[in-house]
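Peer 1: The following comprises the amino acid sequence and a computationally predicted model.
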Amino acid sequence: MTREPRLVFGEVAERYDRARPGYPRELVGDVAAILDLPEQARVLEIGSGTGKATVLWADAGYQVTCLEPSEEMATVARNNLAGRANVVIEPAGFEDWPSPAGTFDLVTAAQAWHWVTPETGHPKAHKVLRPGGGIAVFWNWEAEEPHALEAAFDEVYRTYAPTVVKEPAKQRIGELMRERLEDSPLFGPVTVRRYPWERVYTATQYIDLLGTHSDHRLLPGDNRRRLHQAIAVAIEGHGVPLTIGYTTEVLIAARA
C-alpha cells in the first residue's frame, strides 16, 4: 500500500512529540512586530502536528485554528493543548479545507509548508488572510558546519540508505520556498529571520529523532533498523553525546 509522505508522521505520533525539538519563542514576537499583528490575532496554522509551534501562538494570546491531516497527530495535539480555549484543531489538510475569505491575520506553518502543493499554497493563503495580514513559515535546519561524526554518518548512509538526503542538504527546500514566496505577486517582500541554537543527543535520543523523519519512515523496515543501529554504534563509539547545531529559519511576508 502506498504511504503518503506527509502522513507517515502519524505512524509515530507519540514518538514525534517526544523527540522533535520545538521552536524559539522569540520568533513569535518578531513575526508580530514585522506584520503588526493585533493583540488577539486570528492565526491559521497549517500542518500543526502535535502542537509544538501551536503552543507559542496560543501563549501569545492569539486565536489559533489548526489544520492537521493526520488524526493520530491531531489526537496528541488535543491532549497537549487541552484546556486552551483559544485553540481549535481541525482534522484536515489545507488543500481540502473550505477556506473562509479574509478571516485570518496570520497564516503560518512550522516544518510543514513544503507539503502544501505550490499551486494551492500561496493563492489559498492570500484568500484566507485579511488585507494587512501576512504569512510566516519556518523550519529547523541542521547547521551547515559539520558535526564531529559527519564523516562517519556519511559512510553509514552510503552503506545502508544511499537514497536518503542528509541534512544540511535539506536546507535547499527552504531556499526553494523562499524563492517561490519572493516570486509570488500575492505577497510583498520577504523578511528572513534566523535563530541559531544547539541540542545534545545520546545515541538513543538521536535514533528516536531520526525515526520521526519522513525519509527514514519510508525506508523498508529492515533497512531502517540497520541504518539506525549503525548510527547508534557510531555515536556510542564517539564516547560523548552528539551535539547538533540547528538554525530555525522563518520567512515572513505581508499579503499584497
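Peer 2: That came in fine, so what should we check first?

Peer 1: just for this protein, where's the confidence low?
Peer 2: Within the chain, the ranges that satisfy pLDDT under 70 run 1-3, 165-170.

Peer 1: ok, and V192, which helix or strand is that part of?
Peer 2: Using DSSP states H and E, V192 sits in strand 191-201.

Peer 1: Which parts of that strand count as buried, going by neighbours?
Peer 2: Of all the residues in strand 191-201, those buried under the rule 16 or more other CB atoms under 10 Å are T191, R193, Y195, Y201. For glycine as for every other residue, the C-beta is placed from the backbone atoms N, C-alpha and C.

Peer 1: surely the first one meets V31?
Peer 2: No. Between T191 and V31 there is no contact under CB atoms under 8 Å: 9.1 Å.

Peer 1: Pull up the overlap in contacts between those two.
Peer 2: Both T191 and V31 are contacted by I252, under the criterion CB atoms under 8 Å, 6 or more residues apart in numbering.

Peer 1: From the contact counts, what lies against the top helix by length along the chain?
Peer 2: In the chain, with assignment by DSSP state H, the single longest helix is helix 221-238. In terms of contacts (3 or more CB pairs under 8 Å, 6 or more residues apart in numbering; DSSP states H and E), helix 221-238 is packed against helix 150-160, helix 203-210, helix 214-217.

Peer 1: where do the strands sit along the chain?
Peer 2: For the chain, applying DSSP state E gives strands covering 42-46, 63-67, 87-90, 104-110, 129-142, 191-201, 242-254.

Peer 1: Dump the strand holding V192 to CSV, restricted to CA.
Peer 2: What follows is strand 191-201, C-alpha atoms only, in CSV (Å, rounded to 0.1, in the frame of the first residue of the first chain):
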residue,chain,number,x,y,z
THR,A,191,11.8,39.1,5.6
VAL,A,192,14.1,36.3,6.8
ARG,A,193,14.9,35.7,10.5
ARG,A,194,17.3,33.0,11.7
TYR,A,195,17.8,31.8,15.3
PRO,A,196,20.8,29.5,16.0
TRP,A,197,20.8,27.0,18.8
GLU,A,198,22.2,23.6,19.8
ARG,A,199,20.9,20.3,21.2
VAL,A,200,22.8,17.5,22.8
TYR,A,201,21.7,13.9,22.0
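
Peer 1: same for that strand, what does it pack against?
Peer 2: Using 3+ CB pairs under 8 Å, 6+ apart: strand 191-201 touches helix 26-35, strand 242-254.

Peer 1: Any chance of CSV for the ones you listed, columns distance to A148 and mean neighbour count?
Peer 2: Formatted as CSV, the helices and strands packed on strand 191-201 follow (distance: least, CB to CB, whole Å; neighbours: other CB atoms under 10 Å):
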stretch, distance to A148, mean neighbour count
helix 26-35, 28, 17
strand 242-254, 7, 20
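
Peer 1: Among those, which comes closest to P91?
Peer 2: Taking CB to CB, helix 26-35 is the member of those nearest to P91, at 24.9 Å.

Peer 1: Centre of the chain to the closest one, how far?
Peer 2: Taking the mean of its C-alpha atoms, helix 26-35 sits 18 Å from the chain's own mean (CA atoms, centre = their mean, to the nearest Å).

Peer 1: From the rest of the structure, what touches that helix?
Peer 2: 37, 41, 56-57, 60, 105-106, 108, 133-134, 136, 138, 191, 193, 195, 248, 250, 252, 254.

Peer 1: Go through stretch 9-17 and flag the buried ones.
Peer 2: By neighbour count on 16+ other CB under 10 Å, the buried set for stretch 9-17 is F9, G10, V12, A13, Y16, D17.
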